[in-house]
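Visitor: missing the sequence, but the structure's below:
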């Protein structure tokens, strides 16, 4: 037998959404410290790294969005199914 904590699953979905928003709100600000890197090659590599990280961060944010929606949707689906079955057993629902 499986038991699902709907509130916990829904909260996980919410927290994943918050994490997604955090990833999306991070700004690329390599230009603000290029002066401290000195050598142009180092600054170029740092800029390249930041660009790659930005792309990966966007991919992570999209994945987090999907998992967040799945968790929240599953919580609602499990809750609704459980309520329907409870109603059918008690004779109150269909």
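Guide: Good, I have the coordinates. Keep in mind it's a predicted model, so treat the numbers as computed, not measured.
Visitor: Please tell me how far the helix or strand hosting residue 84 is from the chain's geometric centre.
Guide: Per DSSP states H and E, residue 84 falls inside helix 40-90. Distance of helix 40-90 from the chain centroid (Cα atoms, centre = their mean, to the nearest Å) equals 3 Å.
Visitor: and that helix, what other elements does it pack with?
Guide: In terms of contacts (3 or more Cβ pairs under 8 Å, 6 or more residues apart in numbering; DSSP states H and E), helix 40-90 is packed against helix 6-25, helix 34-37. Every C-beta, even on glycine, is put in place using the N, C-alpha and C of the backbone.
Visitor: residues making contact with the first one?
Guide: Looking back up the chat, that one is helix 6-25. Taking Cβ atoms under 8 Å, 6 or more residues apart in numbering as the criterion, the residues outside helix 6-25 that touch it are 57-58, 60-61, 64-65, 67-76, 78-79, 82.
Visitor: 7 Å instead?
Guide: For helix 6-25, contacts defined as Cβ atoms under 7 Å, 6 or more residues apart in numbering pick out 57, 60-61, 64-65, 67-68, 71-72, 74-75, 78-79.
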